[in-house]
Every structure is written in structure tokens, then in C-alpha cells.
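> Sequence first, then the predicted structure, then my questions.
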Amino acid sequence: MTKKINIIQFLPYFPPHKWWVETVWQEIGKYWCKKEYWSFINVVFDVWQENKSNYELDWYKVHLLPSFDIIANFPFPKFWKKQFWVILKELKELQADFVFTHTRFFLSSFIWWKFATKNSIKWVHIEHGSDYVKLWSKLKSKISYIYDKSIWNWIFKRADKLIAISSACKKFILTEFIDREIGVIYRGLDIELNKEIQIENLKNKFDWKIIIWFVWRLLKWKNVDSLVNSYYLLNDNIKDKIQIVIVWDWEELNNLRQLDINNKIYFTWWKSFKEALLLQLQFDIHFHTSSPWWWLATTLLQAMYLWCFIIATPYEWADEVIINWVNWILIENDSVESIKKWIEVWIENIVKKSEYSEINKKIINEKFDWNRNIEKIYEILNNI
């Protein structure tokens, strides 16, 4: 019989706050608890939470700590509130085997390292980042770099175990911070296609067109502007064969619409995750346009799972899952010229779709299966 492990997972944010890592943290709480290897409590700053009291959902528990954003997207606990200390006392009484923290930079990782140390609990830090934080001014980026280097090298030294969620993340820690043993555990991929949802039929809307798409938040580093600009540089005979569809919205939406001078790009605006999946299922080409950034894009994994034809820049860890001309096309960089060239090239190679799809199916099953990865981390914890 397996030994049951008691874990407290400390998190800066949690759904319904919308980003990327929150979903990963939520899925860890949900899927790990289903294995019944451990009891699992998530302790979350209450910023953006709809409820302000503890709750339980999908096999996991959530305890909410009073907090506020001291600056945008940087939560800080209201330690002067009685509720903060009441929850800490309850957590101490649980006598947990492990404290989990996620993602350096947030104060939650520092605070809960102190909690683990004071209460003689083993501390596992799971790192998600593979680059330094880049902000929208050189001065702010420099300040964040100094903060990063001054605190997190120290924190990385003191964790009982470091786990990275990709090889790129592991390489970044080893190169920029500290040389020590680091485990690599990929997240699982959670895809449920609810075909009862009524969604627009893009194949009918763009009859005789090959659909190229981008999906997810329209942020600067997603580099969708290069996709739009490259489209306008194509010869008319190629333009007539394709339709670019951009799903979702965010801060770059207005800029992209201005770049689309002839109203040739189809913008769906915001869609829910389930709606976006059903749209993605209809697409012929998934274009991963990203510039360098922190983490592996979930939408790229979804495209692999859904057997879309994929063209990807090497960034956001795409080069960990895409090998050029083995399981889709990995282009040189994120420039307009490179994107334009490869739109032209894939037209001649779309016949490879079935062959590449089988390879992608194997990669997803081997690297991104929840059960496999949960077994790996259970083994790691038992060996600490």
C-alpha cells in the first residue's frame, strides 16, 4: 500500500484570475488529488477570488489568505489581519509532509519557505520560468532583474528539492542561478471537447480557404503583428488560398486591427476556453508566432493534440516539442520575413499532415499525460 503524503501548495494566484500558470496550479490540485497518493490543500492569496472564504471543489481544497496587489499582478498578504494568522495556525496543525511553492519572483515562494523552515516541513519549489521578467521599460526590467538575482539564487539553494516544468526551465536555472540536481516534470494536458456547445462553422464561412489561425491572449510577445504583416506581403495567388483567423482579445487587439488595412483578417474577439478549442478543431494551420518568453504555450500542445498542421517559432519552449520536418515545421525566428517564407513553404508540404500527426500524438501521450507525470513526482517525493 502506498504511503499517503500530506501537501500544502502555496500559490500567488488561482482561477478565476486569468493567466496561464493559475490553470496549471488548479489542475495539479485536481488531478493529483484524484490519485489518492496525498491530501492536498491549496493556500491562495484572495486577490481576484470571487469567494472570500475557504472552499472545496473537484477533490481539492482552497484556503484564502487576505491580500492585495501591492503593484499590478504582485499580491501581498494582509498580515495585520486576524484571518491571516488563524489560517497559519490551522496549516501548522496539519503537520504536512511537504510545502510546495511555484514560480520564483512572487513573494509567496519566499514567505512559505520561511513557513516550511519554521515548522520543519520539507520544501519543494516548482519553477515555471525560463527567462527573466521583461517589463515595458528598460528601468523597470533592470530593477526586476536585480530583485530576481538577489533573492532567487538564495531561495533556489535552500529548497529541499527543485523541480522544473520543462528542460528549458531547468537549463535557465542551471545557467543563470545555481548548479544542483533539478527534476523535470511536465504538466498534463487537459482537453475535453464539448461538441454540444454551439460554435461558428468556419469551414462554411470560409469555403475553399485553408485556415491559418492564432489563438490566445493578444500580447506583444505573442508577435501576432508579424503574422498580420507577413500576410500583406504575400502574393495575391497565395492570399486567395488562405484565411487568417485570430481568436481572443487583449491589449494588442486594436493595434492588430489597424494593421489589417483591407479587413482581410477575421477576428473572433474573446471566446471561452471550450469555445476556442472547438474553433481550433476546425483549423488547418496553427501558427505559433511567439517571441522569446517564459513558458510552453498550452495552445501549441492543444494544436498537437488536435492534429493541426503546425508552424512554430522556436520560442516559448516550442523547440522542446517540435523538431523541424519531423513533427511539423520549426522556423528560424519570429521575424516577418521568416513567417512569410514558411507560409509559402507549407502550401507545398501539407500532404505530410497525417504522418506528423501520428508523431505528435505519441509526444503528447508520453510527455503530457497526467498519470505518468504524477507517478514521476510521487517517486521524487518518496526519495527526498
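Nice, I can see it. Numbers count the residues shown, from 1 in each chain.
> show me where pLDDT drops low in this protein?
Low-confidence segments of the chain, defined by pLDDT under 70: 1-3, 18-21, 29, 136, 294, 348-353.
> so what does the lengthiest helix in it touch, helix or strand wise?
If you go by DSSP state H, the chain has its longest helix at helix 138-158. Here helix 138-158 touches helix 107-118, strand 122-127, going by 3 or more Cβ pairs under 8 Å, 6 or more residues apart in numbering; DSSP states H and E. Using the backbone N, CA and C atoms, a C-beta is placed for each residue, glycine as well.
> Give me whichever of the ones you listed is most buried.
strand 122-127 (a mean of 23; mean count of other Cβ atoms under 10 Å).
> Can I get the longest helix of the chain as PDB, trimmed to CA atoms?
Output of helix 138-158 as PDB, limited to C-alpha atoms (Å, rounded to 0.1, in the frame of the first residue of the first chain):
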ATOM      1  CA  LYS A 138      14.300  49.300 -19.500                       C
ATOM      2  CA  LEU A 139      14.500  50.700 -16.000                       C
ATOM      3  CA  LYS A 140      11.700  48.500 -14.600                       C
ATOM      4  CA  SER A 141      13.200  45.500 -16.300                       C
ATOM      5  CA  LYS A 142      16.600  46.300 -14.800                       C
ATOM      6  CA  ILE A 143      15.000  46.600 -11.300                       C
ATOM      7  CA  SER A 144      13.200  43.300 -11.700                       C
ATOM      8  CA  TYR A 145      16.500  41.700 -12.800                       C
ATOM      9  CA  ILE A 146      18.300  42.900  -9.700                       C
ATOM     10  CA  TYR A 147      15.400  41.700  -7.500                       C
ATOM     11  CA  ASP A 148      15.400  38.300  -9.300                       C
ATOM     12  CA  LYS A 149      19.200  37.700  -9.000                       C
ATOM     13  CA  SER A 150      19.500  39.000  -5.400                       C
ATOM     14  CA  ILE A 151      16.700  36.800  -3.800                       C
ATOM     15  CA  TRP A 152      16.100  33.800  -6.000                       C
ATOM     16  CA  ASN A 153      19.600  32.400  -6.200                       C
ATOM     17  CA  TRP A 154      19.400  32.300  -2.400                       C
ATOM     18  CA  ILE A 155      16.000  30.600  -2.500                       C
ATOM     19  CA  PHE A 156      17.000  28.000  -5.100                       C
ATOM     20  CA  LYS A 157      19.900  27.000  -2.800                       C
ATOM     21  CA  ARG A 158      17.600  26.300   0.100                       C
END
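> Distance from the chain centre to it, please.
From the chain centre to the centre of helix 138-158 is a distance of 22 Å (Cα atoms, centre = their mean, to the nearest Å).
> got the angle between that helix and strand 122-127?
150 degrees (axes from the mean of the first three to the mean of the last three Cα atoms, to 10 degrees).
> Give me the buried stretch members for helix 138-158, please.
148, 152, 155, 156 (16 or more other Cβ atoms under 10 Å).
> Fine by me, thanks again.
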